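Trainee: this is a predicted model, with the sequence first.
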Amino acid sequence: MNILRQILFTTLTTFFVSLSYGQSDTFKTYKYEHNDNYTKLNFSFDIPSNWSINPETVDGTGYFLICTPTSESEIAKYSDCFGGTPFRLIYRNGNLDTVLTQMGLQKKSDGMYLTTFNGKIKIQITTNIKGENYNGLYYTITDQVVCTDKKKRKIAAKYQFIYFSNGSQTIIVETNGAKLDDLVFKKLIDTFTFN
């Protein structure tokens, strides 16, 4: 009977934690197909079914797509501290090494880069990833984010950077300080493909 209670408790806890953060365990495929600005850029990957990806306002930051939550619980989660978005996408023309340099990463050894983030020098340990038609890497920077709520509180943040490159074009997924759920992170990497 004790084991049954533990299983029930674990199941219910997982369910309610998932609900409280608006995490979805169902996914849909997002496809980006060429437009006038990127005539030969086509890629796809899976995102939670309660997220949407839309064009970013052209503001000189280099972001061209923005992911926004569509469920009330996730809108609330991301609005005060994370700019209202789980992640944004950057496009860079060039192979992975060229783009890493453009993005300010200096290679020190295999899997170790020096970079700056919010005015601080950071040493980043990267993890290589490989898909059907891309090579890439990812890393996470731990820092703080200032929330826009009335208290202007600072909270711990995990900024994730995921690079996908087909050898001539690179897509960068950059979170806004809210670490992606492990299932979402894995699904994004496993399903990303250049079309």
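Mentor: Thanks, I have the structure now.
Trainee: for the rest of this, base every contact and every neighbour count on C-alpha atoms.
Mentor: Fine.
Trainee: so where's the chain shaky on pLDDT?
Mentor: By pLDDT under 70, the low-scoring segments of the chain are 1-24, 35-39.
Trainee: can you give me the strands for it?
Mentor: 27-32, 43-48, 51-55, 63-69, 87-93, 106-109, 112-117, 120-125, 127-130, 135-146, 154-165, 169-175, 193-194 (DSSP state E).
Trainee: list the strands paired with the first one, with their directions.
Mentor: If I follow you right, that is strand 27-32. Paired strands of strand 27-32, with direction, are strand 43-48 (antiparallel) (DSSP bridges).
Trainee: now the angle from the partner strand to strand 63-69?
Mentor: On the basis of axes from the mean of the first three to the mean of the last three C-alpha atoms, to 10 degrees, strand 43-48 is oriented at 20 degrees to strand 63-69.
Trainee: next, the angle from strand 43-48 to strand 51-55.
Mentor: Counting by the same axes, to 10 degrees, strand 43-48 lies at 140 degrees to strand 51-55.
Trainee: buried residues in strand 43-48?
Mentor: Using 16 or more other C-alpha atoms under 10 Å as the test for burial, strand 43-48 gives 44-48.
Trainee: among those residues, which one lies nearest to residue 167?
Mentor: residue 44 (16.6 Å; C-alpha to C-alpha).
Trainee: follow-up on the earlier one: out of the buried residues of strand 43-48, who's nearest residue 64?
Mentor: Of all these, residue 44 has the smallest distance to residue 64: 14.7 Å, by C-alpha to C-alpha.
Trainee: isn't the closest one up against residue 192?
Mentor: Yes. Counting by C-alpha atoms under 8 Å, residue 44 sits close enough to residue 192 to count as a contact (5.6 Å).
Trainee: which one of the strands of the chain is the most hemmed in?
Mentor: Scoring the strands of the chain by mean neighbour count under mean count of other C-alpha atoms under 10 Å gives strand 169-175 as the most buried, with a mean of 22.
Trainee: dump the C-alpha coordinates for that strand into PDB.
Mentor: Taking C-alpha atoms only, strand 169-175 is exported to PDB below (Å, rounded to 0.1, in the frame of the first residue of the first chain):
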ATOM      1  CA  GLN A 169      23.400  28.800 -42.600                       C
ATOM      2  CA  THR A 170      23.000  28.800 -38.800                       C
ATOM      3  CA  ILE A 171      19.900  29.100 -36.700                       C
ATOM      4  CA  ILE A 172      20.300  30.100 -33.000                       C
ATOM      5  CA  VAL A 173      17.600  29.500 -30.500                       C
ATOM      6  CA  GLU A 174      18.100  31.800 -27.500                       C
ATOM      7  CA  THR A 175      15.900  31.600 -24.300                       C
END
